[in-house]
Structure formats: C-alpha cells, structure tokens
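Engineer: how does the following fold in three dimensions:
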Amino acid sequence: MIGSIIGVGVANALIYGRDGTTGVNWSRAVEIGYSLLLSPLFGFGVAGALILAIRFGFGKAKIEPTASDQPPPWRTRAILVLTCTAVSFFHGANDGQKGMNLVMLILIGTIPNAYALNRSLSPSQIERFEAASKTASQVIANKASGYDVIGDPRSAVELYVSRHAIDEGTFPSLAILVRTVGEEFKQYGSIGRMRPSLVAEIRNDMYLVSESLRLLMRDRSSDLSADDIAKLRDYQSALDQATKFIPLWVKIVVAIVLGCGTMIGWKRIVVTVGERIGKARLSVAQGACAEITAAATIAVADGFGLPVSTTHVLSSGIAGTMMASGAGLQWRMMRNILLAWVLTLPAAMLLSGGLYWILSRYLAAQLLR
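Structural biologist: Here you go, the predicted model:
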C-alpha cells in the first residue's frame, strides 16, 4: 500500500507539470522506508537473542522441536495462545491503520459532506478550536508583520509544504488561511451547520495549515520560540481532531475484514513460516520467541505511527531463532522471500502510478468532449 500511495503521488505531480519529487512527502517516506528496512533486522536479532538466553538458561533440549505430533502440555499451549494473541492484536493495530485510512480516503472523496470533517466534535472541542485558532493566528501574524500577500495565499503555503523553504510569502499567506478557517467556524458555530459546498474547501485549508505548522515547528529558520511552538502545537492538535478522524463503524469493519482474511489465508503463511524458513521443524520455544519479538516490534512501531510488515518481522524473527539454535536456514526460500520484499515496493509504485496516469488522462479526455 505504501508503494501504491507513493506511485500515485509521483504520477499526480508529473501530470500537473511539477517535479515528480514534489508529489510525495519524501521525509515521511524515508522514515517509513527505514522502519520497513530495520524492523526485520531488529526481529532477527532480538528473536535470536531470546533463543540463546533460553538455551543458556534451561539447556539445549528446551529449544529442540519435538518428534511427536502430539499437542504440547496445556501450560505451553497457554503461552503460545498468549503470544499469538499479542501478535494478532498489534498486527490489527498496525495494519488496521492502512485499511482504515484507505476507507476514509474513499469516503472523503465520494461523500465529502459527511466525512470530510469530524461532525461529532463536542461544543467544548469547538470552543477549544476557536481559542487555539485565535492564539495561533496572533503568533503567525507577528511573524508576517511587514510582508504582503500577492495572489492566492494557498499557493504560497503549498509551495512551502512541497519545498520546505520559508520565503516572504509563507507567514502572511498562512496567517490569512488560519484567519479564514477561524472565521468560518465562528460564523457557523459547528461543522454540522456549514454549507455542504464549503466543507471540502475548509477541510483542504485545515489540512494544508496543519501540514505547514508541522514543518514550521521543526524548521529552525522559522525562528519560533518555545512558547510559540506550544501554541501552534495546540492549534495543530485541534485541527487534526477535525480532519484526522475515523468513525467507529470503519474501525469495526476493518477489524472484521482483517480477521476474515487471516481465517481464509492462514494455512499457506503458516506452512511457509513454520516449515520452509529453517532446515529443522519449528519448536515451541522458537515460535514463542518469534511471536514475542514480532508483537514488541509492531507495538513500538505503532507507538511512533510507523507502518511495518507483520510477515516481515515474524519471518525474520523465525530466521533469527533458527540461526541461533544452530538449525540453519533454507537459503533458497530466504532468497525468494527477500526478492519478494525488495520487488514489491517498486512494482506497486509503477503499477499504481501507471494506472493513475491512464485513468486521469482518460477522464480528462471524457470531460473535454
């Protein structure tokens, strides 16, 4: 999914005559790339270290696979159920973000009046937004003193978001956008009373302001004080409450879909992970260590808002336990897995970008008829 989004972003920038690098927030993309690259290495090392700890603490026999097909004792099964549950929970918390965001993109694109802005904001949250907007407007207006806006203020703010370079139009243009959003909220009193034709436009302005504030608070050239940053961060949080929300029913639907998908496709993954990565049969200790490592890795990534692949982390964790136990790896299978990991991202970028290019051209041609 990450590759698909990057491909569409690059294609969109090229279609509208801009540099392809401006269609994607590359700083965020690099962070995601690091998380996808480093998480399997982390899983490999930590799972291997856990197996070595068990081996030195309890003996080699504890990490050897059993020859019998009989189920393990109930205590061992309870441990496996707990570790599997932890992996499932954090897998849903991480992979569920991608599904929920995709559903919200579709809803915002097709039914913007209902889902472009959070209509469930309470009166107290609206009051907080108006107060934070007024405070942030003063901070930005002080920075904009002495400069004038030429043309559409959105263009100058979009230019800053894409290039990350402050110019004489950044602060005055941003001040106008912040003031415009605040006036609209004050005029209508709540999102539910806004004109339907205005909702999508206001959401775009709010999202643009939020992104520009996020960059400004990190930009040393903005010369913002600690007090200014605190005020802007409070305002950005209020903006995100109104734009970056997910209804409860979307969360439930995505959770059900993830569960059904796992129920249908589990066998092929289990056979590959459990029997084809290592040269020996997967032992109970190895499975538990890999699952604990996967759950912890995904939980940390989820805390930082970074997407990781559960399959990547779990597979590398099992590979780490096989190496640490001395069983060895099936290198042909590992080569195939690594090739799939490496080729998936560029293939998704090319496919999604190409489809977006073709469909955009087709729709534009239809509109011109």
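
Engineer: which non-adjacent residue is nearest residue 199?
Structural biologist: Nearest residue to residue 199, sequence neighbours excluded (C-beta to C-beta, 6 or more residues apart in numbering): residue 116, at 4.9 Å. Just so you know, the C-beta spots here come from the backbone N, C-alpha and C atoms, and that holds for glycine as well.

Engineer: and that neighbour, what does it touch?
Structural biologist: 108, 199-200, 203, 243 (C-beta atoms under 8 Å, 6 or more residues apart in numbering).

Engineer: rerun at 10 Å
Structural biologist: 104, 107-109, 191, 194, 196, 198-204, 206-207, 242-243 (C-beta atoms under 10 Å, 6 or more residues apart in numbering).

Engineer: same check on residue 153?
Structural biologist: Each residue near residue 153 by C-beta under 10 Å, 6+ apart is listed here: 169-170, 172-180, 205, 208.

Engineer: now neighbour count, distance to residue 133 and secondary structure too, for those, in TSV please.
Structural biologist: Shown next, in TSV, are these (neighbours: other C-beta atoms under 10 Å; distance: C-beta to C-beta, whole Å; DSSP: H, G, I helix; E, B strand; the rest coil):
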residue	neighbour count	distance to residue 133	secondary structure
169	20	21	coil
170	25	19	helix
172	20	17	helix
173	27	16	helix
174	27	12	helix
175	23	12	helix
176	21	13	helix
177	20	11	helix
178	28	6	helix
179	17	8	helix
180	15	10	helix
205	21	12	helix
208	20	14	helix
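
Engineer: of these, closest to residue 129?
Structural biologist: Taking C-beta to C-beta as the measure, residue 129 lies nearest residue 178 of the contacts of residue 153, at 11.6 Å.

Engineer: OK, contacts around that closest one?
Structural biologist: With contacts defined as C-beta under 10 Å, 6+ apart, residue 178 is in contact with 133-134, 136-141, 153, 157, 205-206, 209, 212-213, 232, 235, 239.

Engineer: show me how to select, in PyMOL, the buried members of the residues you listed.
Structural biologist: A single PyMOL command selects the buried members of the contacts of residue 178 (16 or more other C-beta atoms under 10 Å):
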select buried, resi 133+136+137+139+140+141+153+157+205+206+209+212+213+232+235+239
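
Engineer: mind checking which of the contacts of residue 178 are in helices?
Structural biologist: 133-134, 136-141, 153, 157, 205-206, 209, 212-213, 232, 235, 239 (DSSP state H).

Engineer: now do the strands in the stretch 251-369 of the chain.
Structural biologist: Counting by DSSP state E, counting those that start in this stretch, one finds no strands in the stretch 251-369 of the chain.

Engineer: quick one: the helices in the stretch 201-350 of the chain, in order.
Structural biologist: Listed in chain order, the helices of the stretch 201-350 of the chain (DSSP state H, counting those that start in this stretch) span 226-243, 248-275, 284-303, 310-325, 331-368.

Engineer: and residue 357, how far is that from residue 343?
Structural biologist: With distances taken as C-beta to C-beta, to the nearest Å, residue 357 is found 21 Å from residue 343.

Engineer: okay, the two: which has more neighbours?
Structural biologist: residue 357 (17 against 10; other C-beta atoms under 10 Å).

Engineer: buried subset of the contacts of residue 116?
Structural biologist: Buried among these by 16+ other C-beta under 10 Å: 104, 107-108, 191, 194, 199, 202-203, 206-207, 242-243.

Engineer: so who does residue 73 touch?
Structural biologist: 79, 284.

Engineer: pLDDT score assigned to it?
Structural biologist: Looking at residue 73, its pLDDT stands at 74.

Engineer: next one: residue 171
Structural biologist: 86.

Engineer: which residues does it contact?
Structural biologist: 139-147, 149, 156-157, 160, 212, 216, 222.

Engineer: domain assignment for the chain?
Structural biologist: For the chain, automatic domain parsing gives the domain ranges 2-111+248-368, 119-243.

Engineer: mind telling me which of those domains the model trusts least?
Structural biologist: Minimum mean pLDDT among these: domain 2-111+248-368, a mean of 78.

Engineer: measure how far that one is from the centre of its chain, please.
Structural biologist: Put simply, domain 2-111+248-368 sits 13 Å off its chain's centre (C-alpha atoms, centre = their mean, to the nearest Å).

Engineer: equivalent analysis for stretch 210-224, please.
Structural biologist: 21 Å.

Engineer: so what touches it?
Structural biologist: Contacts of stretch 210-224 (C-beta under 10 Å, 6+ apart): 25, 27-28, 136, 139-140, 143, 156-158, 160-162, 164-166, 170-171, 173-174, 177-178, 228-233, 235-240, 242-244.

Engineer: swap the cut-off to 7 Å and go again
Structural biologist: The contact list for stretch 210-224, computed with C-beta atoms under 7 Å, 6 or more residues apart in numbering, reads 157, 160-161, 164, 166, 174, 229, 232-233, 235-236, 239-240, 243.

Engineer: now it: buried residues?
Structural biologist: 210-216, 219, 222, 224.

Engineer: switch the contacts of stretch 210-224 over to a markdown table; also include distance to residue 324.
Structural biologist: Shown next, in a markdown table, are the contacts of stretch 210-224 (distance: C-beta to C-beta, whole Å):
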| residue | distance to residue 324 |
| --- | --- |
| 157 | 52 |
| 160 | 49 |
| 161 | 46 |
| 164 | 43 |
| 166 | 51 |
| 174 | 53 |
| 229 | 46 |
| 232 | 48 |
| 233 | 44 |
| 235 | 50 |
| 236 | 45 |
| 239 | 48 |
| 240 | 43 |
| 243 | 46 |
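
Engineer: which two of these have the greatest separation?
Structural biologist: The widest separation within these (C-beta to C-beta) is 23.5 Å, between 166 and 243.
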